[in-house]
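> sequence below, structure please.
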Amino acid sequence: MKILRNFIKLGIIALFLTSGFAFAQDAAALQKMLKSQNQTTYSAAKAVTQQTAEIENGSISSVVSKSRIGQQANDTPDAQLAMSESSYPVTAGDVYTLAFAAGATPVSYSIPVDSTYKIRIANLGVIDCKDLTYLQLKNMVTGIVQKNYPMGGVQFVLTSPATFRVTITGEVVKTVQKNAWALTRLSTFIKESFTDYSSSRNIKIVSESGEEKTYDLFLADRKGDLSQDPYLRPGDKIVVNRITRRVALNGAVERPGVYELLDGENLKKLIDYYGNGFESLADLSRIELYRSVTGKHDSGEKLYLNEQSYIDDFKLICYDEVTVSTFEDLKPVLFVEGAVTNTNTNTNLVASTKVAMRFNNGEDYAFFVRNNKNMFTNVSDLENAYILRGSETIPVDLSKMLYDATYYSKIEIKYNDRLIVPFKQFFVTVSGAVYSPGRYPYIPDRTWDYYVGLAGGFIKEKNKMDAVTITDINGKKHKKTEFILPEMTIDAKANSGLYYFNQYAPVITTILSAVSTSISVLAVTGVIN
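You can find the predicted model right below:
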């Protein structure tokens, strides 16, 4: 019995050893098979990569030809973009690359899609890929290959998207055929072909099979409805129809612009839907309509509408222009005149300017001036500005308003005020007993003798003791020791007694000579004894 038990133990040990050896063999074989499979997969992937690189470098003539055609399209075909777009449709002309391992043999080849849309997957089957997206086709191809080669490491990529021809006709610059690809949308394709009369809301696409659909690009642009801006397909024919009504909307609405109206749409729809409604300050009592087409010889008339016209949905015709006024237009007006620029037109200051500017009731001059400081220039005499209010003149120092933070003024703007800003010319006038009287450029920190020197100096026969009178623009006299300021006048006095004697002596001599002659004549004639 003991011998039997020992024999059984030995048998069990031998069985374990045998099983372990077999398991080791199986493991080694499995490891070898996996290594071979990985090498195969790597080779297949490498082949796909090399194939793609060759296509990109232009080694395949047919793909190069398509690439050149694509450069003429509105947007260039891009394989990476196409594969990133889940809705990319399989298109006749696409070139795909399939790679997998058939046992230990790597397989890699290109699969072009022709107009039948039937493609062969190696010797494993044929797929009808019409109306499929790239992802759907990829899943089908991967499923077929993996079913036959479970460890095949299948790869299926789009290497060259198709380009195709699409015809544009109708109300366009001219009928043309242009290149497109499967991610070209209608809007980007036809924008360069529109005329002034092309409709963007009534565009028909006739497919290769003859099916007709009409699209409205306004809904795509405004509402984001991309179903109205479809991708183009091979054989499409685009027919652009002519506008029926196009009107302009301006003024106090949220979205002014030029809009193409559909049948039954008029003033209310134009403002509420297309213009997105009135602005908060819109004046519904002042809606202007310019009608350029009246059917008369003297076309062109202005119609004045109001809120009731808006409620009644006033009927519009093609080329009408609607303008909604705003209460901002009714603000009171202040006139600013003199040495100022028109900030609305950015005109250079060459002469006195008069600008009408609106203000809010209760607005203060200091705030108004600070908010419109760009209208003043280096020739604006800010210190000597004044307000004309009827027959009243109110002096204002605009310089302090602009540049003195501690200055406070409570001068309220009134309707029809005139703010006068004089010119401040940087010249000094020299007159009187000088050789070259005239106006000379102002130089800071100069006294009267500098400007008299510019004028050639005193005429000594006329002026004695360098006598001058200095007055500013307001007629105020200044001392000779003060610095001269712009627009001052230096008058060199003609105060020489000898000068006046020499000036009047000939007259006196003539008079005396005449008197003497008269007396002599009277004495000779005996009138005077």
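> how about Ile190, what does it touch?
Going by Cβ atoms under 8 Å, 6 or more residues apart in numbering, Ile190 touches 168, 172, 203, 238, 240. (Each C-beta comes from the backbone N, C-alpha and C, glycine too.)
> is it true that it lies in a helix?
Yes. The assignment for Ile190 (DSSP: H, G, I helix; E, B strand; the rest coil) places it in a helix.
> ok, back up a step: which one of the contacts of Ile190 sits closest to Ile119?
Ile238 (28.7 Å; Cβ to Cβ).
> that closest one: what's it in contact with?
Counted by Cβ under 8 Å, 6+ apart, Ile238 has contacts 166-170, 186, 189-190, 203-205, 232.
> of these, grab the buried ones for PyMOL.
For the buried members of these, the matching PyMOL selection, counting by 16 or more other Cβ atoms under 10 Å, is:
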select buried, resi 166+168+169+170+186+189+190+203+205+232
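> and the contacts of Ile238, which two are furthest apart?
Going by Cβ to Cβ, the pair spanning the contacts of Ile238 furthest: Gly170 and Leu232, at 15.5 Å.
> low-confidence ranges in the stretch 101-250 of the chain?
Within the stretch 101-250 of the chain, no stretch has pLDDT under 70.
> secondary structure element for Pro106?
Using DSSP states H and E, Pro106 sits in strand 105-112.
> what packs against that strand?
Secondary-structure packing of strand 105-112 (3 or more Cβ pairs under 8 Å, 6 or more residues apart in numbering; DSSP states H and E): helix 2-56, strand 95-102, strand 118-121.
> middle-most residue in the protein, spatially?
Gly257 (15.6 Å; Cα atoms, centre = their mean).
> which residues touch Gly362?
Residues near Gly362 by Cβ under 8 Å, 6+ apart: Glu412.
> where does it land on pLDDT?
Listed pLDDT for Gly362 reads 86.
> where does it land in three-state SS?
Applying three-state DSSP: Gly362 is coil.
> distance of it relative to Lys373?
20 Å (Cβ to Cβ, to the nearest Å).
> for the residue nearest to the centre of the chain, which non-adjacent residue is closest in space?
Spatial nearest neighbour of Gly257, excluding adjacent residues (Cβ to Cβ, 6 or more residues apart in numbering): Leu249 at 6.3 Å.
> hang on, the earlier thing: which members of the contacts of Ile238 are positioned in helices?
Counted as lying in helices by DSSP state H, out of the contacts of Ile238, are 186, 189-190.
> what sits against the residue nearest to the centre of the chain?
Gly257 touches 248-249, 274-275, counting by Cβ under 8 Å, 6+ apart.
> now those residues: which count as buried?
249, 274-275.
> between those, which is nearest Ser436?
For those, the nearest to Ser436 is Leu249 (65.8 Å; Cβ to Cβ).
> okay, and the closest one sits in which element?
Going by DSSP H and E, Leu249 is part of strand 246-251.
> quickly run through the sheet partners of that strand, with directions.
strand 257-260 (antiparallel), strand 320-326 (parallel) (DSSP bridges).
> kindly compare burial across those strands and name the winner.
Of all the strands paired with strand 246-251, strand 320-326 has the most neighbours on average by mean count of other Cβ atoms under 10 Å, namely a mean of 20.
> who touches it?
Residues contacting strand 320-326 (Cβ under 8 Å, 6+ apart): 247-253, 267, 270-271, 278-279, 281-284, 286-292, 305, 316.
> for it, the distance to its chain's centre please.
Distance of strand 320-326 from its chain centroid, counting by Cα atoms, centre = their mean, to the nearest Å, is 24 Å.
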